[in-house]
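Chemist: below are the sequence and a predicted model for it; my questions follow.
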Amino acid sequence: MAQTVSPAGIAPLPAGLHLRHGVPGPADAATRVVGPHTVVWAEVHGETSSGFHGVPLSSDASHVLEAAAETAREARIPLVVTMASTGADIVEGMPALHAWGRLARALASCSGLVPTVVVVDGPAVSGPALLIGLADLVIMTERSYAFMQGPVMVQEFTGISIPTHELGGATSHARTTGVATTVVPDLAAAHAAVEELLCYLPSSTDEEPARLDDDDPVDRDCDEAGTLIPDSSTGGYDVRRVIAAIVDEASMWELRSQWAANVVTTLATVGGQPIGVVANQPIALAGTLDIPASQKAARFVSFCDSFNLPILTLVDTPGFYPGKDLEWRGMIRHGAQLVFAYAQATVPRICVILRKSYGGAYIVMDSKEMGNDICFAWPWAELAVMGAGQAAAILQRKATPEARAEYETEYAERLLNPYVAAERGYVDAVIEPGETRREVAAALAMLADKRETLPPRKHANTPL
């Protein structure tokens, strides 16, 4: 039987231990074996005669979930919650709200200590909707939905009629809000997804992820990664194919694949070692960074750092997406979230510049100045304040078209290459694309004993 490896002084919990057994209400919790871990698995469930899936969250149910969260935190094992709730019990009144507040605090206290996964299979309305927002990973089934205020309240306050699943269905949360980490057909698929995702993670922040069995040689050439890059510096390609060429075969598990598609965040392994990969996606908004992409990448970097997953960053971006709407919505503040996440991360960090890396986006995407441990660049990589065309438009705006074209050519030859950066130590090595997998594996091996301690303080003031 699988058993957790707990920190000194914490006795491991056996599987099959029921928590708050016998407490009335539609919630129960017990320890069970899921993949390589013993986890605390809690459920809020219920079916009515009409077939509507979901029940009010009573104080008794909240107490069971609170006990589950506290047990997971104290035992340093993952917490999994299956949620189908229509919100706080209206009939019960204030006791239900009080208990929900205690539950929210208990779940928040697990953050960064143990992996928290919420499976939504039905409604998650009002308070329960906020609970899924606290989780590290949210798996929604196709029939599930979640929102703070339902269609009735939306119509009453705004006059707009909107169907339930358009307002807060799984598809909406996968594509528009980023709440859903992944969407699966049904509850059985959700349970399988939980098991697979937990294989990449440790039981708690006190441990490192266990290596997974894999027979893909780490010294394998990955020449196909380089052939995917178009000859034109503005040509598009799917960076997921580059990632697949570098990491172990069939080891990718992409998170939030439909939201903020201009950045890819995926779990994977190299030589069996679980890692997190952040990559610009040139086929979506040319790989530029906007607000959703910054939030998505920042959340993922923080998640990887919490659970000791080394971070591989693949860079190909011309910069931040321009526009007054983005600026007015807080591009500075949200872009700073990604800066902050990388600056705070203490896990091994490896950066590979595939093609373009310009301006502020160069800094943000885990540059040497941000503290990465190893930075590689492919021979045709372009590292500069901006591209040749942009530079000519600013510095040669009064010149003739011929003079501007000549300036662009000279600028590209002089500055748009990785060797200038390598001479100054901003790039550790210029490597051929086919060498990327073994160089990343070698870097991970070299950094296996990396330990970094942040200065003591109550907590940092994250630019939320």
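Modeler: Cool, got the structure.
Chemist: surely Val315 is in a strand?
Modeler: Yes - Val315: assigned to a strand according to DSSP: H, G, I helix; E, B strand; the rest coil.
Chemist: begin at 11 from now on, thanks
Modeler: From this message on, residue numbering opens at 11, which makes the last subject Val325.
Chemist: what is it paired to in the beta sheet?
Modeler: Beta-bridge partners for Val325, by DSSP bridges, are Ile363.
Chemist: cool, and Val440?
Modeler: Ala387.
Chemist: go ahead and confirm it touches Phe386.
Modeler: Yes - here Val440 reaches Phe386: they are 7.5 Å apart, a contact under Cβ atoms under 8 Å. All C-beta atoms are positioned from the backbone trio N, CA, C, and that covers glycine.
Chemist: please identify which of those two sits among more neighbours.
Modeler: Phe386 (23 against 17; other Cβ atoms under 10 Å).
Chemist: next up, the contacts around the more buried one.
Modeler: 360-363, 437-441, 446, 449-450 (Cβ atoms under 8 Å, 6 or more residues apart in numbering).
Chemist: at 7 Å what do you get?
Modeler: Applying Cβ atoms under 7 Å, 6 or more residues apart in numbering to Phe386 gives the contacts 362, 438-439, 441, 449.
Chemist: please apply the same query to Gly236.
Modeler: By Cβ under 7 Å, 6+ apart, the neighbours of Gly236 are 388, 443-444.
Chemist: top of these by neighbour count?
Modeler: Pro443 (23 neighbours).
Chemist: right, and that residue touches Trp388 too?
Modeler: Yes - between Pro443 and Trp388 there is a contact at 5.5 Å, judged by Cβ atoms under 7 Å.
Chemist: helix, strand or coil for Leu211?
Modeler: When classified by three-state DSSP, Leu211 comes out as coil.
Chemist: flag the shaky bits of this protein, pLDDT-wise.
Modeler: 11-21, 56-63, 395-402, 422-423 (pLDDT under 70).
Chemist: SS state for the residue minimising distance to the centre of it?
Modeler: By Cα atoms, centre = their mean, the chain has its centre lying nearest to Phe310, at 2.8 Å. At Phe310 the chain is in helix, as set by three-state DSSP.
Chemist: ok, Asp226 next?
Modeler: coil.
Chemist: quick check: it vs Glu234, distance?
Modeler: According to Cβ to Cβ, to the nearest Å, Asp226 stands 14 Å off from Glu234.
Chemist: wait, Ala270 touches Pro302, no?
Modeler: Yes - the pair Ala270 / Pro302 is scored as a contact, 3.7 Å apart, by Cβ under 7 Å.
Chemist: with respect to Tyr368, which of the contacts of Phe386 is nearest?
Modeler: Tyr368 lies nearest to Val362 out of the contacts of Phe386, by Cβ to Cβ, at 16.1 Å.
Chemist: could you find the closest non-adjacent residue to that closest one?
Modeler: Spatial nearest neighbour of Val362, excluding adjacent residues (Cβ to Cβ, 6 or more residues apart in numbering): Phe386 at 4.7 Å.
Chemist: go on, Leu324?
Modeler: Ala289 (3.8 Å).
Chemist: could you do Ser69 as well?
Modeler: In space, Ser69 is closest to Ala109, 3.8 Å off (Cβ to Cβ, 6+ apart).
Chemist: tell me the secondary structure at that neighbour.
Modeler: Applying three-state DSSP: Ala109 is helix.
Chemist: how many other residues sit next to Ala415?
Modeler: Counted with other Cβ under 10 Å, Ala415 comes out at 15.
Chemist: element containing it?
Modeler: helix 411-425 (DSSP states H and E).
Chemist: what comes up buried for that helix?
Modeler: Buried residues in helix 411-425, counted by 16 or more other Cβ atoms under 10 Å: 414, 417-418, 421-422, 425.
Chemist: which of the residues you listed sits closest to Ala78?
Modeler: Of these, the one sitting nearest to Ala78 (Cβ to Cβ) turns out to be Leu425, at 56.4 Å.
Chemist: distance of the residue lying closest to that closest one once chain neighbours are set aside from Trp110?
Modeler: Distances taken as Cβ to Cβ, 6+ apart put Ala394 closest to Leu425, at 5.1 Å, once the chain neighbours are dropped. Relative to Trp110, Ala394 is positioned 52 Å away (Cβ to Cβ).
Chemist: ok, now Gly188?
Modeler: Distance from Gly188 to Trp110, by Cβ to Cβ: 24 Å.
Chemist: now the residue located most distally from the centre of the chain: how far from Ser154?
Modeler: Distance from the C-alpha centroid of the chain peaks at Thr410, with 47.1 Å (Cα atoms, centre = their mean). Thr410 sits 61 Å away from Ser154, going by Cβ to Cβ.
Chemist: what of Phe313?
Modeler: For Phe313, the distance to Ser154 - Cβ to Cβ - is 22 Å.
Chemist: of the two, who's got more company?
Modeler: Ser154 (29 against 21).
Chemist: excluding chain neighbours, what is closest to that one?
Modeler: Closest to Ser154 by Cβ to Cβ, 6+ apart is Val130, at 4.2 Å.
Chemist: pull the contacting residues for the one you found.
Modeler: 93, 142, 148, 150-151, 154, 156.
Chemist: just curious, which of those residues is nearest to Val135?
Modeler: For the contacts of Val130, the nearest to Val135 is Ala156 (7.1 Å; Cβ to Cβ).
Chemist: tell me the SS of that closest one?
Modeler: strand.
Chemist: surely Glu264 is in a helix?
Modeler: No - under three-state DSSP, Glu264 falls outside any helix and is assigned strand.
Chemist: what's the burial count for it?
Modeler: What Glu264 shows, counting by other Cβ under 10 Å, is a neighbour count of 16.
Chemist: so what sits opposite it in the bridge?
Modeler: Thr276.
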